[in-house]
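Novice: Sequence first, then the predicted structure:
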Amino acid sequence: MRIHFIAIGGSAMHNLAIALHNSGHQITGSDDQIFEPSKSRLKKVGLLPEEEGWQASNVVKELDAIILGMHARKDNPELIRGQELGINIFSYPEFLYEVSKEMTRVVIAGSHGKTTTTAMVLHAMQHADLSVNYMVGAQLAGFDCMVELESDSEFMVMEGDEYLSSPIDLRPKFHLYRPNITVITGIAWDHINVFPTFNSYVEQFRKYIDSIEPGGALIYNENDEVLRELVENSNAPVKRFPYALPTHFIEDGITYIETEEGALPLQVFGKHNLSNLEAARWICLEMGLQEDEFHDAMTSFKGAQNRMERIAGLHVPVFRDFAHAPSKVKAAVAALTEQYGKVRVVLELHTFSSLNPEFLPLYDGVLAPADDKWVYYSPQAVAHKKLPALSSEDVRASFGTGVRVFDNKEELAAALLNAGGKNAVVMMSSGNFSGLNFDEVFASY
C-alpha cells in the first residue's frame, strides 16, 4: 500500500510508519515539528521529511490511505487535499483496529500506568519467547520499533489512550479498539481541555467498558473506588477480574514480591508499579502465559523509558519520570520517599491541564512527602497554549507550603547545580524542561 502520514513525528505515529515501512509498504510523511527520538528513528529508515511543514502537493490521488495524527488541525492543507480527492483517511487507532480486527485485541487502559503495564506484558512475552503484535507509546529495551503488526501471534497488545483520535474524529482512541481482553488501571481526571468535568471524563470509561467484545475479560483495579463502582454498575456482558497490590516488602533498598516460588527481587519500586505488575500478571495469564514464567520475567524488568528511569547520579540516584497529572505525581512521590527517604522532586507543569488555573488546585499536597519540592513552568508554554497568564504565586498557592517555584530555565539549572547531590532526585514532566541539559546539571551528583 501507498500510505501518507500527516503528523508523522508523534510517538505512536512514527513507530507505526516505521513498522509499515519495514513490512514493505510505501510510506511518506510530513510534520511541522519533529523532535528526538522520532527524528533520528525516521531518518535511519529514510522516512524523515526533507523539510518541516505542510504541503498539499504531498497528497496525490495514487495514495491508498492517509493516517492522520492528532497534532494536525482540521484546516491542514494536506488533510483538505486528501478529503477533496476522496482518499481513505484513518486516525492511527482506527487504522490499528482495521489491521487487528481478526486478532484477539488486548488493550491496557486507565488514567495512569498504561505504558508501564504494557511494557511489562511485552517484556514477559519476549522473555518467554512468545511473539505478539503490539503498539506501545514509549521505547522499551530490547525493541527496535514499538509497533509490530505482522507476527504469527493471534494477539494484538495496545495501549488504550482516552485522548481524542484525530482532529476530524473526536472519539477517544480507546473507544475504537473493541478489546477482547482489557485492563483498566484506574481513573483520575485528566485532559480537561476536552473533558471539562470529572463526570464527563468518567463517562468515557463507561463507554469503553460497553465497547468490550461480549464475553471478553475486564481486569480492573479494585482499590480505585471510582473504577470499582463503574464496573459494579455496568451491565456489559463481560467477565470481571478485580486485582489489588501483591504481597511485598522492601529490604536493603530492593522491593520483593511474595510468590509461590518464594520472594522475588524487582528492579522497579513503588506501589503504583506493583499495581501495574499485578495488572500485567492477570493479562499474561489470560494470554496463556504461566505464572512462574511471568514472575521470572519480572525480575529482569527495568521499566519503560521516562517511567522512573534512572538517568544520572554516581552518589545519589537521579530519575526521569513522565508523571504530570496529580494522581501520577502523588503516586511517584510516594514511591520515591518510601524507597529512598529524603528526595528532591522537580515537577514541570507542561500539559494544557497542568497549566490551567482551574485545574491547578488538584495538585494541593501531592508533593508533601518530598524533602525538596520544586515546580517549574514556562510562561512561553502558557502563552503558546493560549491560557491565562500564570504567576509563581498562583502555583505556590495551589501546591501548598514549602514549594519553590521557577519560571526561568536558567534559574532552575543554577539551583540544581548549587544544590548538589544530597538526596535522590526525580525530574517529572511529559515535556523536557524547556530543553534543560541534564548531563550538565547532574554532572556532580
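Specialist: Happy to help now that I have it. Numbers count the residues shown, from 1 in each chain.
Novice: helix, strand or coil for residue 264?
Specialist: Following DSSP: H, G, I helix; E, B strand; the rest coil, the label given to residue 264 is strand.
Novice: From residue 256, how far out is it?
Specialist: 6 Å (Cβ to Cβ, to the nearest Å). Heads up, the C-betas are built off the backbone N, CA and C, glycines and all.
Novice: Ok, residue 4 next?
Specialist: 50 Å.
Novice: which regions of the stretch 251-400 of the chain lie under the pLDDT threshold?
Specialist: The stretch 251-400 of the chain contains no residues with pLDDT under 70.
Novice: ok, which stretches of it are helices?
Specialist: Using DSSP state H, counting those that start in this stretch, the helices of the stretch 251-400 of the chain run over 271-286, 291-298, 326-340, 379-384, 392-399.
Novice: From the rest of the structure, what touches the last one?
Specialist: The contact list for helix 392-399 (Cβ atoms under 8 Å, 6 or more residues apart in numbering) reads 349, 357, 360-361, 363-367, 373, 375, 377, 403, 405, 407.
Novice: Name the residues of that helix that are buried.
Specialist: 394, 395, 398, 399 (16 or more other Cβ atoms under 10 Å).
Novice: quick one on the thing from earlier: ok, and the most crowded of the contacts of helix 392-399?
Specialist: Greatest neighbour count in those, by other Cβ atoms under 10 Å, goes to residue 349: 27 neighbours.
Novice: Please name the spatially closest residue to that one (chain neighbours excluded).
Specialist: Of all residues not flanking residue 349 in the chain, residue 377 sits nearest, at 4.1 Å (Cβ to Cβ, 6 or more residues apart in numbering).
Novice: What confidence value was assigned to the closest residue to residue 194 other than its chain neighbours?
Specialist: Nearest residue to residue 194 in three dimensions, chain neighbours excluded: residue 164, at 5.9 Å (Cβ to Cβ, 6+ apart). At residue 164, the pLDDT value in this model is 94.
Novice: returning to what we had before: just put the buried residues of helix 392-399 in CSV and tack on distance to residue 158.
Specialist: Output for the buried residues of helix 392-399, formatted as CSV (distance: Cβ to Cβ, whole Å):
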residue, distance to residue 158
394, 38
395, 36
398, 35
399, 35
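Novice: Next, the closest residue to residue 280 other than its chain neighbours: secondary structure please.
Specialist: Counting by Cβ to Cβ, 6+ apart, residue 280 lies nearest to residue 120, which is 3.7 Å off, once chain neighbours are set aside. Using three-state DSSP as the criterion, the local structure at residue 120 reads helix.
Novice: ok, residue 222 - contacts?
Specialist: Counted by Cβ under 8 Å, 6+ apart, residue 222 has contacts 228, 242, 243, 244.
Novice: Please check those residues and keep the buried ones.
Specialist: With burial judged by 16+ other Cβ under 10 Å, the buried subset of the contacts of residue 222 is 228, 243.
Novice: List the ones among the contacts of residue 222 that fall in helices.
Specialist: residue 228 (DSSP state H).
Novice: right, and out of the contacts of residue 222, which lies closest to residue 95?
Specialist: residue 243 (30.9 Å; Cβ to Cβ).
Novice: how much space between the residue nearest to that closest one when sequence neighbours are not counted and residue 435?
Specialist: Excluding its sequence neighbours, the residue lying closest to residue 243 (Cβ to Cβ, 6+ apart) is residue 278, at 4.8 Å. Using Cβ to Cβ, one gets 37 Å for the distance from residue 278 to residue 435.
Novice: Tell me which of the two has more neighbours.
Specialist: residue 278 (21 against 7).
Novice: Help me confirm that the more buried one comes into contact with residue 247.
Specialist: No - if you go by Cβ atoms under 8 Å, residue 278 and residue 247 don't touch, sitting 10.3 Å apart.
Novice: rewinding a little: neighbour count for residue 4 and residue 256, which is higher?
Specialist: Ranked by neighbour count (other Cβ under 10 Å), residue 4 and residue 256 place residue 4 first, with 24 against 16.
Novice: contacting residues for the closest residue to residue 60 other than its chain neighbours?
Specialist: Of all residues not flanking residue 60 in the chain, residue 85 sits nearest, at 7.8 Å (Cβ to Cβ, 6+ apart). Applying Cβ under 8 Å, 6+ apart, we find residue 85 in contact with 59, 60, 61, 63.
Novice: gap between the residue most central in space within the chain and residue 41?
Specialist: In the chain, the centroid-proximal residue (Cα atoms, centre = their mean) is residue 115; its distance is 4.8 Å. Separation of residue 115 from residue 41 (Cβ to Cβ): 17 Å.
Novice: Look at residue 151 and report its pLDDT.
Specialist: With respect to pLDDT, residue 151 has a value of 88.
Novice: What's the local residue count around it?
Specialist: Residues near residue 151, counting by other Cβ under 10 Å: 14.
Novice: With residue 289 as the reference, measure out to it.
Specialist: From residue 151 to residue 289 the distance is 16 Å (Cβ to Cβ).
Novice: What are the buried residues along stretch 293-303?
Specialist: Per 16+ other Cβ under 10 Å, stretch 293-303 contains these buried residues: 293, 294, 295, 296, 297, 298, 301, 303.
Novice: swap in stretch 198-208?
Specialist: Per 16+ other Cβ under 10 Å, stretch 198-208 contains these buried residues: 201, 202, 204, 205, 208.
Novice: just stretch 46-59 next, same as before
Specialist: Result for stretch 46-59 [16+ other Cβ under 10 Å]: buried residues 47, 48, 49, 54, 58, 59.
Novice: try stretch 282-295
Specialist: 282, 283, 284, 286, 287, 289, 293, 294, 295.
Novice: Residue 26: which of these is nearest?
Specialist: Nearest to residue 26 among the buried residues of stretch 282-295: residue 287, at 33.2 Å, using Cβ to Cβ.
Novice: Contact partners for the closest one?
Specialist: Here residue 287 is in contact with 106, 121, 125, 132, 155, 181 (criterion: Cβ under 8 Å, 6+ apart).
Novice: repeat for residue 339
Specialist: 250, 253, 255, 269, 270, 424.
Novice: With distance to residue 189 and neighbour count as added columns, please give those in TSV.
Specialist: Output for the contacts of residue 339, formatted as TSV (distance: Cβ to Cβ, whole Å; neighbours: other Cβ atoms under 10 Å):
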residue	distance to residue 189	neighbour count
250	31	11
253	34	9
255	29	22
269	26	20
270	21	20
424	29	23
